[in-house]
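Novice: Based on what follows, work out the 3D shape:
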Amino acid sequence: MSFSPTGPTLTVGTIALSFHRGVAAITRRVLESYGHRVNSVEAPHQQLFHLQDEGRLDILVSAWLPSSHGTYLSPYRDRVRVLAPQYRPYCIWAVPSYVPEEQVGEVADLMRPEVAMRMSKVIDGINPGAGISRFSARMVREYGLDELGYTFAPGTEPGFFARVERGIAAREWFVVPLWRPQYLNRVYGLRPLHEPKGLLGTVDDASPVIRRDALDLVHPEAVTRLETLRLGNEGVEQIDALINVDGLTPLQAADRFLLSRA
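Specialist: Sure, this is the predicted structure:
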């Protein structure tokens with residue numbers, strides 16, 4: 001795939017997780033196809049929104065609204081344009097498929113003595129600014145799981161991936177604070193737990209966010225292309241698997257995905 005960037009340089013910020021990097025790479029290819037040069041900036045969730053609020057990012061990829069990232073966008077919501085959603089993410093708690101559904105079908109089942117006796121008490125997650133991390137810390141308290149010794153432990157993305165892979169290899173009983181789209185769903189077939197209290201937020205809209213004072217810099221047809229781009233959860237998981245399973249870079253994964261859709 002060949003591009004000849006000649007237009008204004010744009011700064012695109014992406015949340016520091018693999019599937020966000022994949023979607024940002026798609027965004028970069030769209031912008032480059034309309035002549036833009038692209039500078040890439042990566043940061044954790046909350047910090048990235050601060051950077052856009054300060055005017056240091058032209059485009060942010062992607063905001064999950066309203067549940068996961070609404071609180072981060074709200075201070076400057078009137079100064080940006082939120083494009084149409086490219087996929088519809090949501091958060092879950094899940095367990096490996098070998099954990100019997102009749103024993104662990106919903107979050108409250110983690111309190112059952114025979115389950116609590118076998119289940120790992122440390123619920124490992126990603127960085128604390130992620131929506132799934134905020135929701136999970138609250139769930140441990142509100143379900144009373146902390147009274148049985150459960151704790152939520154935020155961490156890094158590589159550490160989280162390694163923990164899931166290690167646990168499944170050992171056929172360990174453990175809980176995964178997860179989301180769709182995420183390649184682990186595609187690879188391991190993790191089973192979501194029913195969560196009737198609604199503490200994991202809603203199904204969000206995942207959208208690029210463009211600062212209004214940067215809109216004049218972006219080629220109008222590039223804005224239209226980003227506005228109408230529908231990746232879907234399956235598409236994002238496909239890109240994420242190309243990165244984490246096939247070992248491609250985010251740009252290589254984006255190119256292969258775009259070629260498959262051509």
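Novice: export stretch 171-178 as PDB, just CAs?
Specialist: C-alpha atoms of stretch 171-178 as PDB (Å, rounded to 0.1, in the frame of the first residue of the first chain):
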ATOM      1  CA  ARG A 171      -6.400 -24.700  34.100                       C
ATOM      2  CA  GLU A 172      -6.700 -22.300  37.100                       C
ATOM      3  CA  TRP A 173     -10.100 -21.000  38.200                       C
ATOM      4  CA  PHE A 174      -9.800 -17.200  37.900                       C
ATOM      5  CA  VAL A 175     -11.900 -14.200  36.900                       C
ATOM      6  CA  VAL A 176     -10.900 -11.900  33.900                       C
ATOM      7  CA  PRO A 177     -12.000  -8.300  33.900                       C
ATOM      8  CA  LEU A 178     -12.300  -8.000  30.100                       C
END
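Novice: buried sites along that stretch?
Specialist: 172, 173, 174, 175, 176, 177, 178 (16 or more other Cβ atoms under 10 Å). No exception for glycine: its C-beta is placed from N, CA and C like everyone else's.
Novice: In strands only, show me these.
Specialist: Of the positions in the buried residues of stretch 171-178, 176, 177, 178 sit in strands, assigned by DSSP state E.
Novice: could you dump these to TSV with pLDDT and distance to residue 120?
Specialist: Formatted as TSV, these follow (pLDDT from 0 to 100; distance: Cβ to Cβ, whole Å):
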residue	pLDDT	distance to residue 120
176	96	10
177	96	13
178	94	15
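Novice: from the residues you listed, which single one is nearest residue 34?
Specialist: Taking Cβ to Cβ as the measure, residue 178 is the one of those closest to residue 34, at 35.1 Å.
Novice: For the closest one, give the beta-bridge partners.
Specialist: Residue 178 has these beta-bridge partners by DSSP bridges: residue 92.
Novice: Thanks a lot, see you next time.
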